[in-house]
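S.K.: Sequence and predicted model, in that order:
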Amino acid sequence: MQFKHPEILYLLFLLVIPILVHLFQLRRFKKQHFTNVKLLRELQQQTRKSKSLKKWLLLTTRLLLLSCLILAFAQPYFNAVDAQNRDRELVVILDNSFSMQAKGDKGELLKRSVQDILEQFAPTQQFSLLTNDEVFWDIDSKAIQKELQNLQYSSIPFDLDNRLLQVSAKKKNTTFDYLIITDAIAANSKNASQLTIANKVYFLQPKAQNKNNVSIESVRLTNTLDSFYEISIDLKAFGTFENEISLTLFEDDKVTAKTQVNFDKIEKTITLSIPKKAFNGKVSIQDNCLEYDNNFYFSISQPEKLNALVIGDNDKSDFLKRILVADEFQLTTTSLKELDYNIIEGQHAVILNEIKEIPQSLTTTLKAFYDKGGSVILIPSTECTATNLTSFAQKFGNLAFAKNENSDKQITNINFDHPIFNQVFEKRVSNFQYPKVNQSFSLIGNTFAALKFEDQTPFLSSVSNKIGSFYIFSAAISKQNSNFQNSPLIVPAVYNMVKSQTVAQNIFYTIGENETMYIDATLNKDDVIAVANSNYSFIPLQQILSTKVKLSFGDYPEKAGNYTINQQTKNLQNISFNYPRTESNLNEDNSIIYSNFAKINSIEEALNELHSLRTDTVIWKWFLIATLLFLLIEILIQKFVK
């Protein structure tokens, strides 16, 4: 036991006063003889004993009364169990990711957690609060009330390790009390097990009542017809759904199609047709669970003629002119000697048609073109060396050409899953007229084969950097070396390779994945490209590249939706952004990684425990009560003890 004011204990010397008074009152009686009356003598002796007992009782009571009073003013207390950590700061880490939209027994998990913080924290209690995307240092619940009530859901997944890094960077070499509030959906942490070594950590897990959820995973442009686009909508169901889900397709705010989706299996794909024009679309569902994955935005640009450049002898390019017709393509043919390198930048696809030797300058230019999203198609010449072809191909991947083989080979295998052919055939055919080649190279490297020879080596294959494509033939396809030009495969192969940018165009981007895009635009020195819609705008990181501009979006925008890319007042292109679908599965509970933490059922429980561990046990009130009790005892002794 310790005392807040130990100097008051010197007053205990005052206890000598009642003792002296008592001794003064206990002076010896003088004997006085009376007649021999036995009864009277006995009564007199009994009274003397009674008075002596009463005085001793009063002395004891007064000593105890005075002692308790002095001790009460000295304010005795017992040290707290965890007194050494009394001054630790409390850090609240609150998950505001989209999975916290789920409803618990008292409403949405995030809103209920915010309300509990406002109710349970004392208005003057200081703490720090970190969410997925915001930080509030050294605040109290009253000061942060407005911000908490307006707290929005974040597209950034909950990452405990990143939050801990923020804390340690702000206040180095400091231990904390942590209160972590998260539903632990798709949780991941490498440092959670080490956190409790030096810190007190409480873990509160709000839980959803309904874990059945449907997510729109993606929208894909799968086919281009004369007057229509075909789009495929991928949906995924988590849990059990007995009833059909309504799906609606919007163009801007106008409903263009509706259908019902029955989830007889976990994943479903719905195919819809839309007009072949610029299309700002939104697909929407209603599933009475998470809201963030119920809408999916996409934009399809106005179809335009594609620019295609053929570099090679004019007499060998006639078949390309018949396939790449003027209705859809702006075709330019040139020999290598007459090539103007400046026009490559404005092309969508460049075809190297049996050039005898590819110069290093052209290799460098085409690699930059490919890196910006262009398509490069290589048709080797029989007169070209494997060394020269390898030097060119290695710029696009780990590829190599081996020595020319002077033997006939048949092209017997079609990869129906390759983007070139996945929309060409109504069914997979196994019996067709096999084209052949007289001479070919052996292509070595990791490529995605579209056509193969009978020995399973690739005839036509591709590599990609996600925005650009590189297509490689392993043999010349001129009539002198092959009858491939007479095969029905030649048309879809060439057409889809050149159209690959349009067929596989990125009709949406995912927020937070730091994606990039190239847009045709010429900027002046002070021009800036902005991305905006009616509610939100931002300026992406931009790099001017001749006639194109590279846009990098980083973590922007913050809100999913359809946007426009603007240069001053000019609308360059539409673009769509969607939230990542990382938290749609509410059954993906990974709370086991927080097993070292003290699990609690409410914020109040954590605050009460911290208060009891860090607060001294004050006992002066008990001494004051004892003082009053001894005062009452003295009164009773005075009244009833004779």
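M.R.: That came in fine, so what should we check first?

S.K.: Can you list the residue ranges for strands in the stretch 151-300 of the chain?
M.R.: Listed in chain order, the strands of the stretch 151-300 of the chain (DSSP state E, counting those that start in this stretch) span residues 176-181, 200-204, 213-224, 228-238, 245-251, 254-261, 267-275, 279-285, 295-300.

S.K.: residues making contact with the longest one?
M.R.: Spelled out, that is strand 213-224. Identification of contacts with strand 213-224 by C-beta atoms under 8 Å, 6 or more residues apart in numbering yields 229-239, 241, 245, 263, 271, 276, 281, 283, 285, 287, 289-290, 293-296, 298, 300, 423, 499, 502-505, 507-508, 581, 584-586. From N, CA and C alone the C-beta is placed, and that goes for glycine too.

S.K.: same thing with the last one?
M.R.: Judged by C-beta under 8 Å, 6+ apart, the contacts made with strand 295-300 from elsewhere in the structure are 216, 218-219, 221, 229, 231, 233, 274, 277-284, 505, 507-508, 560-562, 573-578.

S.K.: Buried ones among these?
M.R.: Among the contacts of strand 295-300, those that count as buried by neighbour count (16 or more other C-beta atoms under 10 Å) are 216, 218-219, 221, 229, 231, 233, 274, 279-284, 507-508, 560-562, 573-578.

S.K.: my guess is Asp177 meets Asn199, correct?
M.R.: Yes - the pair Asp177 and Asn199 qualifies as a contact (C-beta atoms under 8 Å) at a distance of 6.9 Å.

S.K.: out of these two, which sits in the more crowded spot?
M.R.: For Asp177 and Asn199, the more surrounded residue by other C-beta atoms under 10 Å is Asp177, and the numbers stand at 21 against 18.

S.K.: got the phi/psi numbers for the most centrally placed residue in the chain?
M.R.: Among the residues of the chain, Pro157 comes closest to the average C-alpha position under C-alpha atoms, centre = their mean, at 1.9 Å. Main-chain dihedrals, Pro157, degrees, to the nearest 10: phi -60, psi 150.

S.K.: mind listing what it touches?
M.R.: Neighbours of Pro157 in contact, by C-beta under 8 Å, 6+ apart: 97, 132, 186, 580, 582-583.

S.K.: Over to Val114?
M.R.: 94, 148-149, 151.

S.K.: Ile285 now?
M.R.: For Ile285, the residues meeting the contact criterion (C-beta under 8 Å, 6+ apart) are 214, 216, 235, 245-248, 261, 294.

S.K.: Could you check how far stretch 604-611 is from the centre of its chain?
M.R.: 30 Å (C-alpha atoms, centre = their mean, to the nearest Å).

S.K.: any chance of the contacts of Ile285 in JSON lines, plus distance to Leu306?
M.R.: As requested, the contacts of Ile285 are exported to JSON lines (distance: C-beta to C-beta, whole Å):
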{"residue": "Val214", "distance to Leu306": "37"}
{"residue": "Ile216", "distance to Leu306": "30"}
{"residue": "Leu235", "distance to Leu306": "32"}
{"residue": "Ile245", "distance to Leu306": "38"}
{"residue": "Ser246", "distance to Leu306": "38"}
{"residue": "Leu247", "distance to Leu306": "32"}
{"residue": "Thr248", "distance to Leu306": "33"}
{"residue": "Val261", "distance to Leu306": "35"}
{"residue": "Asn294", "distance to Leu306": "35"}
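
S.K.: Going through the residues you listed, which ones are buried?
M.R.: Applying a neighbour-count criterion of 16+ other C-beta under 10 Å, the buried members of the contacts of Ile285 are 214, 216, 235, 245, 247, 261, 294.

S.K.: Pretty sure the last one sits against Asn288.
M.R.: No - counting by C-beta under 8 Å, Asn294 does not reach Asn288; the two are 9.8 Å apart.

S.K.: Closest to Leu71 out of the contacts of Ile285?
M.R.: Proximity of the contacts of Ile285 to Leu71, judged by C-beta to C-beta, is greatest for Asn294, which lies at 67.6 Å.

S.K.: Give me the nearest residue to that closest one, chain neighbours excluded.
M.R.: What sits nearest to Asn294 in space, not counting adjacent residues and going by C-beta to C-beta, 6 or more residues apart in numbering, is Ile285, at 5.1 Å.

S.K.: Is that neighbour bridged to anything, and to what?
M.R.: Each beta-bridge partner of Ile285 is listed here: Leu247, as defined by DSSP bridges.

S.K.: State the distance from the nearest residue to Ser335 once chain neighbours are set aside to Ala393.
M.R.: Nearest in space to Ser335, with sequence neighbours left out and distances taken as C-beta to C-beta, 6+ apart, is Asp313 at 6.6 Å. In this structure, Asp313 and Ala393 are separated by 21 Å, where distance is defined by C-beta to C-beta, to the nearest Å.
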